[in-house]
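> need a 3D model of the sequence below.
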Amino acid sequence: MAAGRTAAARILAVVALSGGLAFQAMAQSGSGDGAPEIGVLPVQGNVYMLASPNGNVALQVGDDGVIVVDTMGAAMAEALLATIQAITDKPITFLINTHAHPDKVGANTTISQAGSNIAGGNVVGTIADAGAAARIVAHENALIAITAMDEPMPFEGWPTDTYFTDRKELFFNGEAVQLLHQPAAHTDGDSIVFFRRSDVIATGDIFLTTAYPYIDRAAGGSFQGIIDSLNRILDLAVPADRQEGGTMIIPGQGRLGDEADVLEYRDMLTIIRDRIRYLVDQGMSLDEVRDARPTLDYDGRYGADSGFWTTEQFITAIYEELSETAGE
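Here you go, the predicted model:
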């Protein structure tokens, strides 16, 4: 941990000097074991964005303690914990999972076990739970997905506080925090997290600035659900001036955004959907739709020819969904 503590001190120094919205001041942390570095960005209010190639984490910090939104993959556990401890010595009290994919829940056990249920001198939960670990909050469908994994994580990393309604609300560090369920979006267990006083929204993988959205149809996700969720984010977000600033948006991966960025992403997906729908209505096969390249003008920014989620897979998922609903 010595290397981690040295990196932690470096982060703390940069954050202290950077001020509230100094986007250019990105401190870097590595675990010393080859894990990707983590960038620290003060967003606004109580909220930070921690960024790495493995995805983004939202952090709310205050006198009551810390809320962590998502935990990256298991390989990032020690680096993520060192980064959080560099920013604050307050206990991690709540850990929120936006969904159940390994790149969002992989470090749950390490992060939750390093935390505490005791916030601001008050027990959060029952006396029997007191001080045991940070509470892990997620939609119940995310918990179901975690328990059904081929190689489930240790029980200590499972959500301990689930909800099944449209929303769950917390009040922590002087602000209201809303978890808003997004049914049949990236998965069937997605939540977006709205820090109302700080005016920051963490979207999980519903919104990305680096790639087309992954539609996990096997986990109840849908392309139309992603568009619906982006519209909900747009309903919540308010720009400051000329459609810039105001509500800040932390994506699942990529750079910090605002309402204009979400609007651009939503419009891009809507255009692609309508193009593919037109081709489906013309009776074209999947191969013919792929050959028509309905995403061509967006591929330079969002497309991929290899890796986990390719442009071809993206087009295929939309085609299959639209073919199933054709004529409705």
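> count of neighbours near the residue lying closest to residue 147 once chain neighbours are set aside?
Residue nearest to residue 147 in three dimensions, not counting chain neighbours: residue 158, with 6.9 Å by CB to CB, 6 or more residues apart in numbering. C-beta: built from backbone N, CA, C; applies to glycine. Neighbour count of residue 158, defined by other CB atoms under 10 Å: 20.
> so residue 158 sits against residue 143, correct?
Yes. In this structure, residue 158 is within contact of residue 143 by CB atoms under 8 Å, at 6.4 Å.
> just checking, what packs against the helix ranked longest in the chain?
The longest helix of the chain (DSSP state H) is helix 259-281. On a contact count with 3 or more CB pairs under 8 Å, 6 or more residues apart in numbering; DSSP states H and E, helix 259-281 meets helix 223-236, strand 248-250, helix 286-292, helix 296-302, helix 311-325.
> name the stretch among the ones you listed that sits most buried.
strand 248-250 (a mean of 27; mean count of other CB atoms under 10 Å).
> listing partners with orientation, what would you give for it?
strand 200-202 (parallel), strand 257-258 (antiparallel) (DSSP bridges).
> which other residues reach the longest helix of the chain?
Identification of contacts with helix 259-281 by CB atoms under 8 Å, 6 or more residues apart in numbering yields 207-209, 213, 223-224, 226-227, 230-231, 233-234, 237-239, 243-244, 246-247, 249, 288-289, 292, 294-295, 298, 302, 315, 318-319, 322-323, 326.
> follow-up on the earlier one: which ones are touching the residue nearest to residue 147?
Per CB under 8 Å, 6+ apart, neighbours of residue 158: 108, 136, 143, 146, 147, 152.
> out of those, list just those in strands.
Residues of the contacts of residue 158 located in strands (DSSP state E): residue 136.
> go through the longest helix of the chain and flag the buried ones.
Going by neighbour count (16 or more other CB atoms under 10 Å), the buried part of helix 259-281 is 259-263, 265-266, 268-269, 272-273, 275-277, 279-280.
> same check, this time on stretch 207-225
Neighbour-count burial for stretch 207-225 [16+ other CB under 10 Å]: 207-209, 211-216, 219-225.
> quick one: distance of that stretch to the chain centre.
Remark: stretch 207-225 is offset 12 Å from the chain centroid, using CA atoms, centre = their mean, to the nearest Å.
> gap between the two ends of it?
One end of stretch 207-225 to the other measures 12 Å (CA to CA, to the nearest Å).
> same check, this time on stretch 188-202
OK, stretch 188-202 end separation, CA to CA: 17 Å.
> for that stretch, what is the distance to the chain centroid?
Worked out by CA atoms, centre = their mean, stretch 188-202 lies 9 Å from the chain centre.
> cool, and stretch 214-233?
14 Å.
> give me the contact list for that stretch.
100-101, 141, 145, 180, 182-190, 192, 201, 203, 205-207, 213, 249, 262, 265-266, 269-270, 273, 308-309, 314, 317-318, 320-321.
> now do stretch 303-323
Residues from elsewhere that reach stretch 303-323, judged by CB under 8 Å, 6+ apart: 211-215, 217, 222-224, 272-273, 276-277, 280, 286, 289-290, 294-295, 299, 302.
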